[in-house]
Each structure stands twice: as C-alpha cells, then as structure tokens.
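S.K.: 3D model of this:
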Amino acid sequence: MSITSWISRHRFSTFSALRTLSGVVALTACVATSRSAHAETVIAGDLDFVVPIDQPDAISSGGGFGFRLGQQLHLPALAITPEIGFNYAGFDGGVKTYRGIAGLRLGVGEIFRPGVFAHAGIGRLSVDVPSGVPDPSYTAFTFDAGVFLDFTLLPILNIGAHAAYNRQAGSDDLDAFQWAALGAHAALVF
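M.R.: Residues are numbered from 1 along each chain as shown. So this is what the prediction gives:
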C-alpha cells in the first residue's frame, strides 16, 4: 500500500467519522430542545412615563399605557415572543400618540430575564390646537426599540421594567416626533 492511498483512505474515514458525529450531535440537540421547548400565551400591560426628545418647550413629559398579546416560545434560558399591541402616550402641551404595533421580544434567563424588544406599526399623532387653526394631526409609520428586565419566578405572572426609544414618522407639516419611555409592566403567561 502506498503512502498516498493510505492518506486518502485515512482522510476519508476521519471525514466520515466527523460527519457522523456532527449529525448525532445535531440530532441530540434537536431532540433535547424539542422536549424542553413550549409555547405559552402572553397578555401584558405597560404603564409609562414619557419624555419628548428634540421637541419645542411647549411639549413636556407625560404618561402612557399599552397592552400586548403574544405567543412566547420558551426554550431553556431563552424566551422569544412575537406580539401585537396598542400604545398610548399623552404629553403636556396637547400632543398624543395612538399606535398599533407588531414586533418581537427576546429575553435571556429564567428567574431574572434581561432582554430587548422592537416593534413597528401605524400611529396617529394628535395635536390639540385652538379652533380656527388648521389641525396638523396625522397618521404615519411608527417604531420603537428598547430593553427590559423581567422577574419570572411567580407561576403565571412576570413583572418588570423597561426603557424604550419611540419614533413617529413626520408629515408634510411636522417633523418626526420622538420620545423616550420608562415604565413598568406585568404579563400573564399561561
């Protein structure tokens, strides 16, 4: 047997062994994940303190709320939640936003779960103006992105805090409206 044929045969058997081993590992990971993965319905509510960003002095901080509905895929130490929702934010100075959103939350951990989220949707920016003045209110694309920290030890109740950047696209008459939100939330998970 020549050295070249021995090397060729040896390489092929090593390659086959590695390919078989990687297949077994992948199959084991899939089976282990499928046994411990489960989906749960999530109904959540948010309370927010909202602060406008780069807006006239006449517009100042206010409050808001939201609710979300989603289906959480829970893997060991990972929770992925596609969700839809509604948010309201009211600012001193007569500006209000109403937003229908859809997005995703991604959390890591079991008892304390830090994570990130992002949503996009359609929002209505409503501006209170005196009578006789043209109403600059409009409907446009909106999005948010933020971070959260949840406490998940209670059986069906998760509670937590969040911070987010929010933006409503501009109109012909108004620039984009942006604000920060800091808040608390609670979610029923069943």
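
S.K.: count the residues that sit near residue 103.
M.R.: Residue 103 has 19 neighbouring residues, counting by other CB atoms under 10 Å. Every C-beta, even on glycine, is put in place using the N, C-alpha and C of the backbone.

S.K.: work out for me the element the closest residue to it other than its chain neighbours sits within.
M.R.: Of all residues not flanking residue 103 in the chain, residue 119 sits nearest, at 3.1 Å (CB to CB, 6 or more residues apart in numbering). Per DSSP states H and E: residue 119 is located in strand 112-127.

S.K.: what's the answer for residue 52, then?
M.R.: Of the helices and strands defined by DSSP H and E, residue 52 is found in strand 38-53.

S.K.: next structured bit after that strand?
M.R.: Downstream of strand 38-53, the next assigned helix or strand under DSSP H and E is strand 60-75.

S.K.: picking that back up, report the angle between the strand holding residue 119 and strand 60-75.
M.R.: Interaxial angle, strand 112-127 versus strand 60-75 (axes from the mean of the first three to the mean of the last three CA atoms, to 10 degrees): 140 degrees.

S.K.: in strand 112-127, what's buried?
M.R.: For strand 112-127, burial by neighbour count (16 or more other CB atoms under 10 Å) applies to 113, 115, 117, 119, 121, 123, 124, 125, 126, 127.

S.K.: export those to CSV and tack on distance to residue 100 and pLDDT?
M.R.: Shown next, in CSV, are those (distance: CB to CB, whole Å; pLDDT from 0 to 100):
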residue, distance to residue 100, pLDDT
113, 26, 97
115, 22, 98
117, 16, 98
119, 10, 98
121, 5, 98
123, 7, 98
124, 9, 97
125, 13, 96
126, 14, 96
127, 19, 93
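
S.K.: returning to what we had before: now the residue nearest to residue 103: how far from residue 165?
M.R.: Distance of residue 119 to residue 165, given as CB to CB, to the nearest Å: 11 Å.

S.K.: identify the contacts common to the two.
M.R.: Residues touching both residue 119 and residue 165 (CB atoms under 8 Å, 6 or more residues apart in numbering) are 144, 145.
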